[in-house]
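*Asks:* coords please:
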Amino acid sequence: MAKQQQKDDAITVASDLINFLNASPTAFHAVDESKRRLKEAGFEQISERDDWSLKLGSKYFFTRNYSTIVAFTVGKKYVAGNGFYIIGAHTDSPCLKLKPVSKVSKGGFLEVGVQTYGGGLWHTWFDRDLAVAGRIVVKQVQNGSTSYSHRLVRIQDPIMRIPTLAIHLDRNSDGFKPNTQSHLAPILATSVKDELNRVVSEKDLAEHEDSTEKSKPKDQKHHSLLLKLLAEDAGCEPGDICDFELQACDTQPSIIAGALKEFVFSGRLDNLCSSFCSLKALIDSTCAEGSLNDEAGVRMVALFDHEEVGSNSAQGAGSPVIVDAMSRITHAFSSDFKILKKAVQKSFFVSADMAHALHPNYMDKHEENHQPKMHGGLVIKHNANQRYATNAVTSFIFREIGEKHQLPVQDFVVRNDTACGSTIGPIVASGVGIRTVDVGAPQLSMHSIREMCAVDDVMYSYKHFKAFFQDISEVDSKVIVDA
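*Replies:* Sure thing, here's the model as predicted:
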């Protein structure tokens, strides 16, 4: 009975993850979906541009660039100078982003110019049914006054494809190695059909007296067909689109799959899985009446943009966004500017980013004593050269919380003859001076357009993060270092 209940719990959490993933084709949409969930849970939106008037026992969130979101709750027993308990993840994933001038015409085809974002497995983007999503800047004129706003757009239909070269035309014995400049441009349409469609459209416009110049794009940086599709989705005219940040997206939805329904097949698991689990943990750990009555600290989730390209942006983990939030919260309850430094030393940061599961066809790629398995729980990542920020104390604290709730934990160390990746952990640890542990759920096909992880590990991640928020104060109080 207990095993069946655990299976049901895992499917419930994983199904909610599927909903989150399918609503989040881009970092902007991930923030928008997070915002919706937070508002539904009673969190109040605040702005970094305004003064903050915070109350004990209350819940808040803010966005930066609409691609980074920070949510936090203030315990009823919080006193300025107390610690912050933070889980950090990221909203971005490797993808193909449209160039500022995306119009490409070659060989009788309309193509879309793209640039690679992050370290993707670009060969997996070939022969996929692709759509476009992101945000556009729209001009609005009302009562003689002009304003500009950003709108999220998502073309649901598969409108693009990157076709593979037939094997008969490519006898390269070294395998498939596409040139990212020459071979990755998605096909949007043929020139012939586009021209026929343009003639018909212009004829229809001419028959209507209310047709205006603003229905026509002002420049030729992008194909008119693409702008028309974007305008239809946004509910505006093509000529009102001033700029955009768009990316190609796989149209295949995320699903629970496998013969035993034990896997999640999806794009962007790295790192929307961690983003979802941490956000859900914060919401659920504070939703019950009185859940913050005995909390003396601040619980926080920070979902950053630009991790895949180094985090060096105004909304990345390398920016002051975490320090800014900690400072403003602390000073909302005290005017003593020295007190923040004490708060930082009492705080704890969990860097949550997906981990490499053991691949059955490439077992030699893992160090023999550190082979994370699917269904094995969260993985604590270690690296002596500080590519991960974990140390003995932070590892122990996080592991102890898991053991308290009978949650499995695994360890990962990269082979000595293999380069080690990194996360936001060392960036935040060195930039803020906060104790940090690097963890993540095990997955396969990392940075592919289609990744996979285990349903059980989604549940373990959520439960471990929730337990972290509920128990970190108690566990941390028993650990003595630097006395």
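*Asks:* not counting its neighbours along the chain, what's nearest D170?
*Replies:* Counting by CB to CB, 6 or more residues apart in numbering, D170 lies nearest to F176, which is 7.7 Å off, once chain neighbours are set aside. No exception for glycine: its C-beta is placed from N, CA and C like everyone else's.
*Asks:* go on, A231?
*Replies:* In space, A231 is closest to P238, 4.4 Å off (CB to CB, 6+ apart).
*Asks:* in the stretch 201-350 of the chain, which ranges drop under the pLDDT threshold?
*Replies:* Applying pLDDT under 70 to the stretch 201-350 of the chain flags residues 201-219.
*Asks:* now do 90
*Replies:* For the stretch 201-350 of the chain, residues meeting the criterion pLDDT under 90 lie at 201-220, 335, 337.
*Asks:* all strands of it, in order?
*Replies:* Per DSSP state E, counting those that start in this stretch, the stretch 201-350 of the chain carries strands over the ranges 241-250, 255-257, 263-266, 298-304, 348-352.
*Asks:* which strand is the longest one in this protein?
*Replies:* Longest strand in the chain, counting residues (DSSP state E): strand 145-160.
*Asks:* pairing partners for that one, with directions?
*Replies:* Each strand paired with strand 145-160, and its direction, by DSSP bridges: strand 130-142 (antiparallel).
*Asks:* go through the partner strand and flag the buried ones.
*Replies:* Neighbour counts over strand 130-142 (16 or more other CB atoms under 10 Å) mark L130, A131, V132, A133, G134, R135, I136, V138, K139 as buried.
*Asks:* want to throw these into TSV with pLDDT?
*Replies:* Formatted as TSV, the buried residues of strand 130-142 follow (pLDDT from 0 to 100):
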residue	pLDDT
L130	98
A131	98
V132	98
A133	98
G134	98
R135	98
I136	97
V138	96
K139	95
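*Asks:* from the residues you listed, pick the one nearest Q6.
*Replies:* Nearest to Q6 among these: A133, at 35.3 Å, using CB to CB.
*Asks:* list the contacts for the closest one?
*Replies:* The contact partners of A133, by CB atoms under 8 Å, 6 or more residues apart in numbering, come to P25, T26, H29, L152, V153, R154, I155, L246, Q247, C249.
*Asks:* so what's the residue count around the last one?
*Replies:* Spelled out, that is C249. Neighbourhood size, C249 [other CB atoms under 10 Å]: 26.
*Asks:* mind putting the strands of the stretch 201-350 of the chain into a markdown table with distance to M326?
*Replies:* Conversion of the strands of the stretch 201-350 of the chain to a markdown table gives the following (distance: least, CB to CB, whole Å):
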| stretch | distance to M326 |
| --- | --- |
| strand 241-250 | 29 |
| strand 255-257 | 37 |
| strand 263-266 | 33 |
| strand 298-304 | 8 |
| strand 348-352 | 11 |
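*Asks:* which one of the ones you listed lies nearest to E232?
*Replies:* Comparing the strands of the stretch 201-350 of the chain by CB to CB, strand 241-250 comes nearest, at 11.3 Å.
*Asks:* could you tell me how far the closest one lies from the centre of the chain?
*Replies:* With CA atoms, centre = their mean, to the nearest Å as the basis, strand 241-250 stands 17 Å off its chain's centre.
*Asks:* ok, and for it, which residues are buried?
*Replies:* Across strand 241-250, burial judged by 16+ other CB under 10 Å covers I241, F244, E245, L246, Q247, A248, C249, D250.
*Asks:* how about those residues in JSON lines, adding distance to L110?
*Replies:* Formatted as JSON lines, these follow (distance: CB to CB, whole Å):
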{"residue": "I241", "distance to L110": "18"}
{"residue": "F244", "distance to L110": "17"}
{"residue": "E245", "distance to L110": "21"}
{"residue": "L246", "distance to L110": "16"}
{"residue": "Q247", "distance to L110": "18"}
{"residue": "A248", "distance to L110": "15"}
{"residue": "C249", "distance to L110": "19"}
{"residue": "D250", "distance to L110": "20"}
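*Asks:* for those, which one is nearest L358?
*Replies:* Among these, D250 lies closest to L358 (CB to CB), at 25.6 Å.
*Asks:* shouldn't that closest one be in contact with D127?
*Replies:* No. Using CB atoms under 8 Å, D250 makes no contact with D127, being 11.2 Å away.
*Asks:* thinking again about what came up before, how close does the residue nearest to A231 sit to H223?
*Replies:* 11 Å (CB to CB, to the nearest Å).
*Asks:* kindly report the same for S461.
*Replies:* 41 Å.
*Asks:* looking only at neighbour counts, state which of these two leads.
*Replies:* Neighbour totals were compared for S461 and H223, and S461 leads with 29 against 20 (other CB under 10 Å).
*Asks:* show me what counts as buried in whichever strand or helix holds that one.
*Replies:* Using DSSP states H and E, S461 sits in helix 455-477. For helix 455-477, the neighbour count (16+ other CB under 10 Å) marks 455-473, 475-476 as buried.
*Asks:* quick one: the helices in the stretch 151-300 of the chain, in order.
*Replies:* Applying DSSP state H, counting those that start in this stretch to the stretch 151-300 of the chain gives helices spanning 191-206, 224-234, 269-285.
*Asks:* as JSON lines, these with distance to I87 and mean neighbour count would be great.
*Replies:* As requested, the helices of the stretch 151-300 of the chain are exported to JSON lines (distance: least, CB to CB, whole Å; neighbours: other CB atoms under 10 Å):
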{"stretch": "helix 191-206", "distance to I87": "47", "mean neighbour count": "12"}
{"stretch": "helix 224-234", "distance to I87": "33", "mean neighbour count": "19"}
{"stretch": "helix 269-285", "distance to I87": "4", "mean neighbour count": "26"}
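*Asks:* what residues are up against F337?
*Replies:* Residues near F337 by CB under 8 Å, 6+ apart: H331.
*Asks:* make it 10 Å
*Replies:* S327, T330, H331 (CB atoms under 10 Å, 6 or more residues apart in numbering).
*Asks:* which ones among the residues you listed lie within helices?
*Replies:* Among the contacts of F337, the ones falling in helices (DSSP state H) are S327, T330, H331.
*Asks:* residues near the last one, how many?
*Replies:* Read it as H331. Residues near H331, counting by other CB under 10 Å: 16.
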